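In: A structural model of the following input is requested.
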Amino acid sequence: GAAVEELKRAIRAQEGGAEVLLMDDDVLFKFAACRRFEMESAAKRYLNFIRLFQEYELSFEETPEVTKCLSRGIVHPGRFDKQGHPMLIAVPRNLDWKEVATRDMQKTWFYCVWKAICSSPLAQSEGIVLILIARGVRISLFNREFHSFVGKAVQECMPMKVRKLFVVNQPWIFGSVLWPLVSVFFSSKIRERVVFVGRNYDLLRDTVSVDSIPQELQQELVLENEPAEEEQT
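Out: The predicted structure is shown next:
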C-alpha cells in the first residue's frame, strides 16, 4: 500500500541511498503502524531492527536452540489477555545461565516476542501484555548482556508497544535487588507500566483469564488476597 511505499522511501533516504534489506510489506507495515505512520520514526526503528536481526543472527523460525529454551518453561508465548492483546508469560526461575547460553536466550526472547507481534495488530496500536511470575527468582538471574539486549530491542527496534508488565508473586529480593539492576535498561515510560501484583491477584482480574495461563502455573495465580511475608509490592 501507499504507507509501505512511503516507508520504503524514508528507509532509503536515511541510508543515503545505500543498499538496505527490505523485508516483506507485511513486516514493514507493522513498523509504520507501531509509530502511528510517522515515517521518519518508523524508518529509524526498522533500520535498528535490521541491525539487531543481523548482529545477533536472529530468526523468525523456531530453531533448535529456541525449542530447547521453550522446553524449560522459561517463556510461554501464544497467549492473549481478555481484551485480545498478545500476552507473554515469563517464569525466570526456570532459567539457569550455567545451562543456557545468553545468545540462545536472546534468540528465544526474540522468537516469542515476534510471534506475539504477528498475532494481532493490537501489538502495534495498544501493546503487548507481559506477565512475570517472579517466585523463586535469584540474584544470579541478572545478566547484563541479556537484559540490555531486551531493553534495546523493546525501545529501539521491535514494532511493538508494551501495554503492561505484571510482576506476580515477587519475593523481597526482586524489588530490593533484581528490579533496580534490570530497570536501568528501560525508560521511565515503560517503568511506569509495571504493576507489582504480589499476591493481590485482583489486580489481574480485568486483564487475565484462567484459560490464558498454562495449566502448570494456574495454582500460582489463584484469585486470593492473602499477602505473604516474603513478598513486597
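In: give me phi/psi at residue 59?
Out: The phi/psi pair for residue 59 (degrees, to the nearest 10) reads phi -150, psi 150.
In: all strands for this protein, in order.
Out: With strands called from DSSP state E, the chain shows them at 75-80, 86-90, 128-133, 162-168, 194-198.
In: may I see those strands arranged in TSV, with distance to residue 36 as well?
Out: C-beta here means a position set from N, CA and C on the backbone, and glycine is covered the same way. Formatted as TSV, these follow (distance: least, CB to CB, whole Å):
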stretch	distance to residue 36
strand 75-80	23
strand 86-90	19
strand 128-133	17
strand 162-168	15
strand 194-198	23
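In: and the most centrally placed residue in the chain, what is it in contact with?
Out: Ranked by distance to the mean C-alpha position of the chain (CA atoms, centre = their mean), the top residue is residue 113 at 5.3 Å. Contact analysis of residue 113 by CB atoms under 8 Å, 6 or more residues apart in numbering lists 88, 128, 153, 158, 160.
In: ok, residue 164 to residue 136 distance?
Out: Here the distance between residue 164 and residue 136 works out to 22 Å (CB to CB, to the nearest Å).
In: who's more crowded, those two?
Out: More neighbours surround residue 164 than the other of residue 164 and residue 136, with 18 against 12 (other CB atoms under 10 Å).
In: any figure for the gap between residue 132 and residue 4?
Out: Counting by CB to CB, the separation of residue 132 from residue 4 is 35 Å.
In: more neighbours: which of these two?
Out: Higher neighbour count among residue 132 and residue 4: residue 132, with 21 against 17, using other CB under 10 Å.
In: where in this structure is pLDDT low?
Out: By pLDDT under 70, the weakly predicted segments of the chain are 17, 222-233.
In: next, count neighbours for residue 218.
Out: Residue 218: 11 neighbours (other CB under 10 Å).
In: leaving out chain neighbours, which residue sits closest to it?
Out: residue 210 (6.1 Å; CB to CB, 6 or more residues apart in numbering).
In: same question for residue 115.
Out: Nearest non-adjacent residue to residue 115, counting by CB to CB, 6+ apart: residue 77, 4.9 Å away.
In: closest to residue 103 out of the contacts of residue 113?
Out: Distance to residue 103, by CB to CB, is smallest for residue 153 among the contacts of residue 113, at 13.6 Å.
In: list the contacts for that closest one?
Out: Residues in contact with residue 153, defined by CB under 8 Å, 6+ apart, are 52, 109, 110, 113.
In: got it, and residue 167?
Out: Applying CB under 8 Å, 6+ apart to residue 167 gives the contacts 132, 134, 174, 179, 194, 195, 196, 197.
In: for the residues you listed, pick the one with the most neighbours.
Out: Within the contacts of residue 167, neighbour counts (other CB under 10 Å) peak at residue 134, which reaches 26 neighbours.
In: I'd like the contacts of residue 153 as JSON lines, with distance to residue 121 appended.
Out: Below are those laid out as JSON lines (distance: CB to CB, whole Å):
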{"residue": "52", "distance to residue 121": "22"}
{"residue": "109", "distance to residue 121": "21"}
{"residue": "110", "distance to residue 121": "20"}
{"residue": "113", "distance to residue 121": "15"}
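In: between the residues you listed, which sits nearest residue 189?
Out: residue 113 (17.9 Å).
In: distance of that closest one relative to residue 106?
Out: Distance of residue 113 to residue 106, given as CB to CB: 11 Å.
In: if we can go back for a sec, report the two of the contacts of residue 113 separated the most.
Out: 88 and 153 (13.3 Å).
In: what's the burial count for residue 24?
Out: 9.
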